[in-house]
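Student: Build me a model:
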Amino acid sequence: VQLQASGGGLVQAGGSLRLSCAASGRTISIYVMGWFRQAPGKEREFVASISRSGGGTYYADSVKGRFTISRDNAKNTVFLQMNSLKPEDTAVYYCRGVGGPAYDYWGQGTLVTVSS
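Tutor: Numbering: from 1, shown residues only. As a prediction, the model looks like this:
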């Protein structure tokens with residue numbers, strides 16, 4: 001499966017962005033989907049994940065209450081709604097699909113820059 005992330009950009013602190021991750025080649029309904037991010041000079045970190053059905057979501061403490069992950073399996077797309085953005089949210093955001101040890105896919109990143 002190929003994952004294509006989009007929706008990044010430059011936004012002021014307190015603003016919002018919505019990231020999308022569109023999949024092709026295979027349905028994402030069989031994968032747990034997630035978002036990760038990597039800030040300059042830092043390691044990649046977990047942001048949020050969503051179960052196959054969408055009934056279960058998990059968030060890093062740093063984004064809880066501000067970010068919302070969702071999925072539309074019919075459209076083969078996962079979303080990350082980011083509200084109340086902070087400068088420390090600045091990073092390259094990556095989507096990931098996991099269906100087991102042999103099925104672990106990463107998309108290319110999309111850059112989010114939050115100015116103070």
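Student: Flag every buried residue along the strand ranked longest in the chain.
Tutor: Longest strand of the chain, by residue count under DSSP state E: strand 91-100. The neighbour-count check on strand 91-100 (16 or more other Cβ atoms under 10 Å) flags 91-97, 99 as buried. Any C-beta I mention is one placed from the backbone N, CA and C, and that applies to glycine too.
Student: swap in stretch 49-64?
Tutor: Using 16+ other Cβ under 10 Å as the test for burial, stretch 49-64 gives 49-50, 59, 63.
Student: do the same with stretch 103-116
Tutor: Result for stretch 103-116 [16+ other Cβ under 10 Å]: buried residues 105, 107, 109-110, 112, 114.
Student: now swap in stretch 28-43 and tell me
Tutor: Applying a neighbour-count criterion of 16+ other Cβ under 10 Å, one finds 28, 31-37 buried in stretch 28-43.
Student: Also stretch 3-19?
Tutor: Quick answer for stretch 3-19 (16+ other Cβ under 10 Å): 3, 5, 7-8, 11, 17, 19.
Student: from the middle of its chain, how far away would the helix or strand bottoming out on mean pLDDT in the chain be?
Tutor: Counting by mean pLDDT, DSSP states H and E, the chain has its least confident helix or strand at strand 103-106, which shows a mean of 92. Chain-centre distance of strand 103-106: 14 Å, with Cα atoms, centre = their mean, to the nearest Å.
Student: nearest to residue 74, of the buried residues of stretch 28-43?
Tutor: residue 28 (10.3 Å; Cβ to Cβ).
Student: Excluding chain neighbours, give the residue nearest to that closest one in space.
Tutor: residue 76 (5.3 Å; Cβ to Cβ, 6 or more residues apart in numbering).
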